[in-house]
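build me a structure from this.
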Amino acid sequence: MGFERSDSALYLTSQLAKGLSRALQRRAAALGFSPGQFPVLLALWHEDGLTQRQLLDRMEVEQATLANTLARMERDGLILRRPHPSDRRAQIISLSDRGRELEQMATEAAAQADDEIFAGFRRFERELLLEYMRMAITNARNTERA
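Next up is the predicted model:
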């Protein structure tokens, strides 16, 4: 028996991630941000004024990926960087006024993207799928640490 894509969690998760990203992309472009910037925005909406190291710890992405994302966000006027008051090597990353103003519209766009992808799911099915996804993510993180 060969490998069946439709039976592979890895393949299906990859396809779901692509679909969610595309669903958010359409909405995000109209608002002036990209899906890759959304996790940074979420972190800063939750706790503004973080260092790049703190963002890395919260987001679990590669240093180079975050550095490139922050550079684009600064260029696009979504964030501001200022020197850390006690660590000359660090910078404080804060939302700009434009970045702050995006919060409600961007989170609504993300919710609409979720709704589009999960159309036809009953509420308990969606909640159960999300719970299973959280469990799988926890397992994946535990496997990485082992």
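
when you work out contacts or count neighbours from here on, use the C-alpha atoms and nothing else.
Will do.

does Ser86 belong to a helix, a strand or coil?
Applying DSSP: H, G, I helix; E, B strand; the rest coil to Ser86 yields a three-state assignment of coil.

quick one: it from Arg53, how far?
Distance, Ser86 to Arg53, by Cα to Cα, to the nearest Å: 15 Å.

so these two - more neighbours on which side?
Each of Ser86 and Arg53 has its neighbours counted (other Cα atoms under 10 Å); Arg53 has more, 14 against 8.

pLDDT value on that one, please?
pLDDT, the model's per-residue confidence, is 92 for Arg53.

so it: helix, strand or coil?
helix.

quick one: it from Met59, how far?
In this view, Arg53 and Met59 are 10 Å apart by Cα to Cα.

for Ala43, same thing?
8 Å.

tell me how many other residues crowd the residue lying closest to Leu66 once chain neighbours are set aside.
Spatial nearest neighbour of Leu66, chain neighbours left out: Leu56 (7.2 Å); criterion: Cα to Cα, 6 or more residues apart in numbering. Number of residues near Leu56 (other Cα under 10 Å) recorded here: 17.
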